[in-house]
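Undergrad: What shape does this take:
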Amino acid sequence: MEIFGWLATIAFGICYWPQIYHSYKTKSVGDISIASWLLQLGGYFLGIFYGVWLKQNALIFGYLHGFLCSVIFLSLYWKYRGNR
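TA: Numbering: from 1, shown residues only. Model (predicted):
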């Protein structure tokens, strides 16, 4: 059953990269909800602790990856927020 956790982790992880790439390529983040990304960042932060508490590597990796993607995107947001 753990394979399903890893497959979900990979699927959810891949879904962030098109938005990150698009924002980097266009240098535009005007239509992005910053509140959504900040909430995701907080959720991933809590999820990392939950995964550690459960000792579930798939959860830890997934939440850590999501946290890092959120940090990357938020850094792009702060860098390009003035570009329209």
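Undergrad: ok, the most centrally placed residue in the chain - contacts?
TA: In the chain, the residue lying closest to the centroid (CA atoms, centre = their mean) is Gly66, at 3.1 Å. By CB atoms under 8 Å, 6 or more residues apart in numbering, the contact list for Gly66 reads 12-13, 16, 40, 44, 47. Just so you know, the C-beta spots here come from the backbone N, C-alpha and C atoms, and that holds for glycine as well.
Undergrad: What's the PyMOL line that selects buried ones from the residues you listed?
TA: Per 16 or more other CB atoms under 10 Å, the buried members of those correspond to this PyMOL selection:
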select buried, resi 13+16+40+44+47
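Undergrad: Looking at the contacts of Gly66, which one is closest to Phe61?
TA: Gly13 (8.5 Å; CB to CB).
Undergrad: before we move on, the earlier item: just the contacts of Gly66: which are in strands?
TA: Per DSSP state E, strands hold no members of those.
Undergrad: need the contacts of Gly66 in TSV with distance to Ser75, can you?
TA: Formatted as TSV, the contacts of Gly66 follow (distance: CB to CB, whole Å):
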residue	distance to Ser75
Phe12	20
Gly13	18
Tyr16	13
Gln40	14
Tyr44	15
Gly47	20
